[in-house]
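> I'd like to go over a predicted model; first the sequence, then the structure.
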Amino acid sequence: MVNLFIVIKNLTIYTLILFLSIKLLSKGFDYTAKKLSRANKHTKAAALFISAIAIFAWPFLFADYPYILRTSIIVLLYIVLALSLNFVLGFAGQLSMGHAAFYAVGAYTTALLTVNLKVSFWLAFAASAVIAGLFGLLLGIPTLRLKGDYLAITTIGFGEILRLVLINWTSFTRGPAGIPGIPSPKLFGLTINSNTGYFYLILALAVFTVFISYRLLNSRLGRGLIAVRDDEIAAEAMGINSTYLKILAFVLGAVIAGMAGSFFSTFVHYVNPDNFNYMESVVILTMVVLGGVGSIPGVILGAAVLSILPEALRDIATYRYAIYGILLVMMMIIRPQGMIGKSSFKGGVRHENTKSKKNHKSLWRAVGS
Amino acid sequence: MRILKAKKITKAFGGLLAVNNVDFHIDSGEIVSLIGPNGAGKTTFFNVITGIHEATSGEVQFLGKKLKKSKPFEITKLGIGRTFQNIRLFASMTVLENIMSGQYCRTHTDLFGAIFATPKAKLEEKKIREKALELLDFLELTDKKDELAVSLPYGYQRRVEIARALATEPKLLLLDEPAAGMNTSEKLDMTKLIRKISEKGYTTLVIEHDMKLVMGISNRIVVLDYGNKIAEGSPEEIQKNPKVISAYLGKGGAQ
Amino acid sequence: MFMEQLSNGIALGSIYALTAIGFTMVYGIIRLINFAHGDIYMIGAFLTLTGITLLNMHLVMAFLFGMAGAALFGILIAKLAYSPIFKAPRINIFLSAIGTAIFLENFAMLIWGPETQAFPDVIQNNVYTFLGFRASTLQLVILGTTILLVTVLTYVVQYTKIGRAMRCTSQDMDAARLMGINTNRVVYITFALGSSLGAAAGALVGMYYKAVFPMMGFVPGLKAFIAAVIGGIGSIPGAMLGGIIMGVSESLGAAYISSGYRDAIAFIILIAIILIKPSGLLGKAVKEKV
């Protein structure tokens, strides 16, 4: 109990630092967003080109720093995972809290196929995507009729059931012991086992995910999804089949998470049920919320920040999840749209958000269900 | 041409007759208004003729075919577009995007087409945009197209909603209290707008409280009271109809 | 064997019921699934344990200390995490609730340590047999405490001024406020009551399994939510019924099917209930008007 005071003191300090940095970073992003939306096409193209070169040259710049390279791989992996959840939460507006389950399905599919059946990684990768997608479909059809918090709890339940199956079905999954010895992928006779190789592999997946995110968002289906997220009743009245679109987003998110899982298992060469627990889902969720639900650059940033932060804050590692909790609450209060909100790049007056704390005596308003 | 025909519609909720034995029809190019005091059964009738509720007895025909109970998106696809009493625009979309979303049910690009931007998908996307721009022009919203729809003044939001409904290419346009919450000059604009839409050949059914607006636009008015149709006719006829006067003003109201 | 599992189930079920009542009360008033409720249950268990071991309190005193402390936590959570964003979309409040839950779990880990702590033997545990039922002293204590607390709660809700205010607020908050009810106070009192019941459940579980640990509230929190859904969320008798159903089916399922999957049983029940009758056994369906 003596450490109660130390804990509270530390938490207060970290929270303050966090609060200030969110405020500061958000201001910075608002400013850059404004600048960017004013900049002409050439400047934008140049900026994009330079960042692309930097990213491709990255493994060579840091070839002698395996730690940095490994961290970069993890960052990219979480970008893929966060973007895959963004299909469900950001585009379709459905709060799925069992996302780690699809990640697990992908990882286990690859692990089982490559270790037990000696299938090539690429085939296992495709199978992981397909099977994770099937799980998405299986879960999506019954549950997507549910609203908000009910859906969240049901998806948590699904994640837990899957984890229990992984633990208990020992003859198939080896239970809590996990599956070791997952081989590296081979490409044109070469084995990809260096950090550089893995970097390009996950970079390709990340680029692919960003690409389909943008293409989907700017298509007929994307507009339909956003319509469903904004107002389901109005969307239905515009002839949009909301159930179909929600399931589509869910399956797409599951497929991509499955691919990420497949990569994870070949990268780490070992999977066990603990890699895919509830906290993993929460971490992915926090990334999306921190960055900006529905905003692709936001989600990328959120994933990057939250996967680098724990590395940078090794000394206070025990405080990590407590800080995540505070971070979620704080984001909802001070900046619910995330660091880079989805409408940062749109004109007009910003939405009224929830800041109007003054001049009402009754904080608790009645809400419809 | 007869767009919608309802024969002897009755809708009961338990023992309560919300709509009782009402006949209704609307022909191509007409503006018909449905009026009645609060609780007259307008909304229920509206929901029945658009297939959201199933009638307890009676039959609805839309474009000569029997209308089954269907989901809202299927109804829109059949050709009934609508607006809402309390405006429901898509909050994170610009005006243009809101209207483009109305084209959803008339287009076909699938996931593959969207991701790989096939020539067909590109062409369709171009058509959607052109159609939306055309509608923006028609409703005089072009200069507002890149603003967030919900940040616009009230009168504009109504117009965006109507444009969005028109983007679904409706055979029948339903306006649910289009003048609710408007001031006199906005109501006047709305009257002009509804006429303009009608001149373009759209068939329009309006549910409205505001008498001035209804009298100014309608070819025909249908009056409901306690679930019964108490009158039907031109604005002049309705204005003189003693039953309507007593329903609205109470008995003796018309001296 | 069956009878033994049945009495285990009833003991477990009454704990779920206590927790579920807290969920249901908060939901009834502000339509929020208080995701942090399961962690309030854990806080209650830890505070009771601290009361006994560190502050040398008598069991009953420590129990009350745990309930009061958890009530305070409940009010603080409502004040800090929920009230600033009450008008925001539901999903935001729910995310804030998830954040609160994660925070509480890890806060407890920082203060009391991540290890499982043993709850001291505070009650002499005997086994009684009656008409084929086998029940231990602890099980009877759990059942007795639950009945007592639920009776007190029912009295408060049905026969006191604040109870009337609560019932008014849950039906129509705006109307209640117009009638001169201080709805803010009602909300905080609801949080306090719900949290103290959750804490009682946590302390009882601590005694029953003789173990207290930071993540102990996560799964029971979800199960209590499921119990509330089974009974029809918002309904107090429904939460009682749901809790007992959950406890019994879990005990029987663990005994006759597989103990490894005992936590999965709850979720399977949830999915089944939501598919068949989403409004729960004693609840009413609500539909959005256009």
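Nice, I can see it. Residues are numbered from 1 along each chain as shown, chains lettered A, B, ... in the order given.

> CA atoms for contacts and neighbours, from now on please.
Will do.

> Please tell me how far residue C:244 sits from chain B.
35 Å (Cα to the nearest Cα, to the nearest Å).

> what about that residue, neighbour count?
Residue C:244 has 21 neighbours, counted by other Cα atoms under 10 Å in any protein chain shown.

> for the spatially closest residue to residue A:294 that is not a sequence neighbour, what are its contacts?
Excluding its sequence neighbours, the residue lying closest to residue A:294 (Cα to Cα, 6 or more residues apart in numbering or on different chains) is residue A:90, at 3.6 Å. Contacts for residue A:90 (Cα atoms under 8 Å, 6 or more residues apart in numbering or on different chains) come out as A:293, A:294, A:295.

> In a markdown table, list those residues along with distance to residue C:97.
Converted to a markdown table, these look like this (distance: Cα to Cα, whole Å):
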| residue | distance to residue C:97 |
| --- | --- |
| A:293 | 17 |
| A:294 | 20 |
| A:295 | 22 |
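
> Going by distance to chain B, which of the residues you listed wins?
residue A:294 (10.2 Å; Cα to the nearest Cα).

> okay but the closest one is in contact with residue A:91, surely?
Yes: shown here, residue A:294 and residue A:91 form a contact pair, counting by Cα atoms under 8 Å, at 5.6 Å.

> Span of stretch B:37-51 from start to end?
Length of stretch B:37-51, first residue to last, Cα to Cα, to the nearest Å: 23 Å.

> SS state for residue B:6?
Of the three states, residue B:6 takes strand under DSSP: H, G, I helix; E, B strand; the rest coil.

> Quick check: chain neighbours aside, which residue is closest to it?
Per Cα to Cα, 6+ apart, closest to residue B:6 is residue B:60, 4.3 Å.

> ok, the one you found - contacts?
B:4, B:5, B:6, B:7, B:9, B:49, B:66, B:67.

> and which of the residues you listed is nearest residue C:138?
residue B:49 (63.0 Å; Cα to Cα).

> That closest one and residue B:8 touch, don't they?
No: if you go by Cα under 8 Å, residue B:49 and residue B:8 don't touch, sitting 11.6 Å apart.

> Look at the two and report which has more neighbours.
residue B:49 (24 against 16).

> What pLDDT is listed against residue 31?
Chain wasn't specified; assuming chain A. As predicted, residue A:31 sits at a pLDDT of 82.

> could you do chain B instead?
92.

> Look up phi and psi at it.
With angles defined as degrees, to the nearest 10, residue B:31 sits at phi -110, psi 110.

> mind checking the SS state of the closest residue in space to it that isn't next to it in sequence?
When the adjacent residues along the chain are set aside, residue B:31 lies closest to residue B:204, with 4.7 Å between them (Cα to Cα, 6+ apart). For residue B:204, the assignment made with three-state DSSP gives strand.

> neighbour-wise, which of the contacts of residue B:60 leads?
residue B:49 (24 neighbours).

> How much space separates it from chain A?
14 Å.

> Contacts only, for that residue.
Residues counted as contacts of residue B:49 (Cα under 8 Å, 6+ apart) are B:6, B:60.

> With residue A:4 instead?
So residue A:4 contacts residue C:111 (Cα under 8 Å, 6+ apart).

> quick one: what helix or strand has the spatially closest residue to residue B:87 that is not a sequence neighbour in it?
Computed as Cα to Cα, 6+ apart, the closest residue to residue B:87 that is not its neighbour in sequence is residue B:158, at 6.8 Å. Residue B:158 belongs to helix B:154-167 when assigned by DSSP states H and E.

> next helix or strand past that helix?
strand B:172-176.

> so what strands line up beside that next one?
Strand pairing for strand B:172-176, using DSSP bridges, gives strand B:80-82 (parallel), strand B:203-207 (parallel).

> Same list (those strands) but as CSV, adding mean neighbour count and distance to residue A:55.
Shown next, in CSV, are the strands paired with strand B:172-176 (neighbours: other Cα atoms under 10 Å in any protein chain shown; distance: least, Cα to Cα, whole Å):
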stretch, mean neighbour count, distance to residue A:55
strand B:80-82, 27, 48
strand B:203-207, 24, 57
